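In: one predicted model, sequence on top.
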Amino acid sequence: MEPIESKTFPVLAARNVVLFPGTTLPLNVGRPKSVAAIEAARTNGYIITIAQKHENEGDARVEDLYRVGTLCKIEKIRGSAEHGYQVLVRGVSRVHVTELKDDNGMLVAKAETLADVRDLDDKTLTASPTASRARRRKSWR
């Protein structure tokens, strides 16, 4: 995905889960601010998930959330605002939240994409499971 420059997205505060780019997870959404964020995200299909610092907190506040999250594509939504939603989200990219606010009962954030950091040396990268599978595929041909 191309880098985004300080664009505003609805925020889904995630309790007990961290979503990473490239992963797909089903999430149950029922808290009022999270339901409002899902409703708002229906227009463009993207939402930012941010881990909540303390799982015991009720409805998340601005100060309860970290400042790094994941921009997610909403793949599927089931349910209703009254009974809660089951949402399938796919992590697209890591984002740094530059501004986070409570806007009419929903959390919204301005965020910029973070570049992926390659922190593996060539020897480790060669030994990774993905590289090993690619080598095996080549040898089978």
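Out: Sure thing, it's come through. Residues are numbered from 1 along each chain as shown.

In: in what helix or strand does the residue nearest the centre of the chain lie?
Out: What sits nearest the mean C-alpha location of the chain, by CA atoms, centre = their mean, is residue 70, with 3.2 Å. Here residue 70, judged by DSSP states H and E, is contained in strand 68-80.

In: convert the C-alpha atoms of that strand to PDB, please.
Out: What follows is strand 68-80, C-alpha atoms only, in PDB (Å, rounded to 0.1, in the frame of the first residue of the first chain):
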ATOM      1  CA  VAL A  68       0.900   3.100  17.000                       C
ATOM      2  CA  GLY A  69      -1.800   1.000  15.400                       C
ATOM      3  CA  THR A  70      -2.700  -0.800  12.200                       C
ATOM      4  CA  LEU A  71      -4.700   0.500   9.300                       C
ATOM      5  CA  CYS A  72      -7.200  -2.200   8.500                       C
ATOM      6  CA  LYS A  73      -9.400  -3.000   5.500                       C
ATOM      7  CA  ILE A  74     -12.900  -4.200   6.600                       C
ATOM      8  CA  GLU A  75     -13.500  -7.400   4.700                       C
ATOM      9  CA  LYS A  76     -16.900  -8.300   6.100                       C
ATOM     10  CA  ILE A  77     -19.500  -7.000   8.600                       C
ATOM     11  CA  ARG A  78     -22.300  -8.900  10.200                       C
ATOM     12  CA  GLY A  79     -24.700  -7.900  12.900                       C
ATOM     13  CA  SER A  80     -26.300  -4.600  13.900                       C
END
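
In: so what touches that strand?
Out: Taking contacts as CB atoms under 8 Å, 6 or more residues apart in numbering, the residues outside strand 68-80 that touch it are 1, 4, 9, 11-12, 18-21, 24, 29, 38, 41-42, 45-51, 85-97, 109, 111, 113-114. All C-beta atoms are positioned from the backbone trio N, CA, C, and that covers glycine.

In: lovely, talk soon.
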